[in-house]
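Undergrad: can't give you the sequence, but here's the structure:
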C-alpha cells in the first residue's frame, strides 16, 4: 500500500514539473507577429512578385469560343444551324455567354491576356498585381472572326453604327463596366477565309478597335487550311498561308500588325515539323517571328514555368455549358493568386 502511494506521488510530481516547464517555455517564447495590414498574410516576404508567381503551382484554363447567336443574327443564323447540325457545338447564345462570364466571376476567375499568361515564364508580371488574392486566372479566346463576335448595328437607322450590346465585344465591355476587376481582355484568332466579322465595310475599323480596347489579335492563317497538310506539300506553302495573312493584317493595321506574334492552328492540325517551322516565317522578303501557337483542343494549359509547357502547342477548352462546369469550375489544381500584403511585396 505504501509503495503504491509513493509511486502515485512520484507520477504527480513529474506531471507538475512538466506543466511548469511548458508554462515557462510558453511565456519565454515571443508570440507571432500578427501586426499585418490588410486581411491576408504573406508567406513569401523574401521573394519579389515575379518570383512568387513563377513558383505558383497549378494550371490555367484557356477558353475557346466560336459563334454567338444574338437577337439580331438569330433570324438567319438559327436556320443555318438547323440545316447544318454540326455547327451546333460551336454556338452559344448571347445570354449563355453572359451567364458564362457571371459564373466565372462568381467563382473567383479573372481574365488575363495571352501575353500575361506567357509572361509567367520569367516575364514582366507587374500588371497581374491587379488580381486579388485567391482569384484564379484564365484566358478568353475567340476563333474564326465569325457570327456574333463583333457586330456593328445602326440602331437609329441614320447611318451611324455602334457596337451591338449583344455581341461578344458588347457583352465584355458591359461586364467590365459593371465589374472593373474583370479586365477587358481576350484574344481574337482571325483568318481570311471569309470577311473577318462578316461586315466588309468595317474590317479595318474593327481590327483597330480591338487593339484600342486592349484585345490581342492572333494569326489564324489566310485560308483556314491545315498547316500540317500544307507543310507536307511544301514548306513554302505553309509560309505563304501565314505570310499572306500577315500582309492582310498589315494592310488594315499598318505598323500595329507587329503586335501579332502568335498563331492559332486551323482545325488543330499540328505536327513537330509545323511547330518548328512557324517560329520564323519568311515570305515576300519579310520575316515574321511567332512566340507561341494555340491548339484547337485540350484541357487546362500548364503554367509556362512547368516542364509540360510547350509554347507551340498551347491547349484550349472548347466552350459549352457542360465543358465550363466540368473542365473549368470543377477542374483540380488550378493556379490561384497567393495571399499577399502590400508592405511585404518587393517590386
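TA: Sure, I can see it. All values reported here derive from a predicted model rather than from experimental measurement.
Undergrad: How about the contacts made by the residue positioned nearest the centre of the chain?
TA: Against the mean C-alpha coordinate of the chain, by Cα atoms, centre = their mean, the closest residue is residue 139 at 1.2 Å. Residues in contact with residue 139 (Cβ atoms under 8 Å, 6 or more residues apart in numbering) are 60, 61, 62, 63, 111, 112, 113, 114, 117, 186, 187, 301. Where C-beta positions appear, they are placed from N, C-alpha and C, glycine not excepted.
Undergrad: In a strand, it, correct?
TA: Yes. Residue 139: assigned to a strand according to DSSP: H, G, I helix; E, B strand; the rest coil.
Undergrad: ok, residue 46 to residue 55 distance?
TA: Taking Cβ to Cβ, to the nearest Å as the measure, residue 46 and residue 55 are separated by 12 Å.
Undergrad: likewise residue 298?
TA: When Cβ to Cβ is the yardstick, residue 298 and residue 55 sit 24 Å from each other.
Undergrad: circling back to that earlier point, out of the contacts of residue 139, which sit inside helices?
TA: In this view, the contacts of residue 139 that belong to helices under DSSP state H are 114, 117.
Undergrad: Which pair in the contacts of residue 139 has the greatest spatial separation?
TA: Of all pairs drawn from the contacts of residue 139, the greatest distance, 15.0 Å, lies between 186 and 301 (Cβ to Cβ).
Undergrad: for residue 292, which residues make a bridge with it?
TA: When bridges are taken as DSSP bridges, the partners of residue 292 come out as residue 262.
Undergrad: More neighbours: residue 46 and residue 55, which one.
TA: residue 55 (12 against 9; other Cβ atoms under 10 Å).
Undergrad: My guess is the more buried one contacts residue 49. True?
TA: No. Shown here, residue 55 and residue 49 do not form a contact pair, counting by Cβ atoms under 8 Å, at 11.2 Å.
Undergrad: where do the strands sit along the stretch 151-300 of the chain?
TA: If you assign secondary structure with DSSP state E, counting those that start in this stretch, the strands in the stretch 151-300 of the chain sit at 152-153, 162-163, 187-190, 216-219, 262-264, 280-283, 286-289, 292-294.
Undergrad: Include mean pLDDT and mean neighbour count when you put these into JSON lines, please.
TA: Conversion of the strands of the stretch 151-300 of the chain to JSON lines gives the following (pLDDT from 0 to 100; neighbours: other Cβ atoms under 10 Å):
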{"stretch": "strand 152-153", "mean pLDDT": "96", "mean neighbour count": "18"}
{"stretch": "strand 162-163", "mean pLDDT": "96", "mean neighbour count": "15"}
{"stretch": "strand 187-190", "mean pLDDT": "98", "mean neighbour count": "26"}
{"stretch": "strand 216-219", "mean pLDDT": "98", "mean neighbour count": "23"}
{"stretch": "strand 262-264", "mean pLDDT": "97", "mean neighbour count": "25"}
{"stretch": "strand 280-283", "mean pLDDT": "96", "mean neighbour count": "16"}
{"stretch": "strand 286-289", "mean pLDDT": "97", "mean neighbour count": "13"}
{"stretch": "strand 292-294", "mean pLDDT": "97", "mean neighbour count": "23"}
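Undergrad: which stretch among those comes nearest residue 310?
TA: Taking Cβ to Cβ as the criterion, strand 292-294 is the member of the strands of the stretch 151-300 of the chain that comes nearest to residue 310, at 9.1 Å.
Undergrad: tell me which residues of stretch 271-284 are tucked away?
TA: 274, 275, 277, 278, 281, 283 (16 or more other Cβ atoms under 10 Å).
Undergrad: sorry, back to before: out of the contacts of residue 139, which comes closest to residue 324?
TA: residue 63 (7.9 Å).
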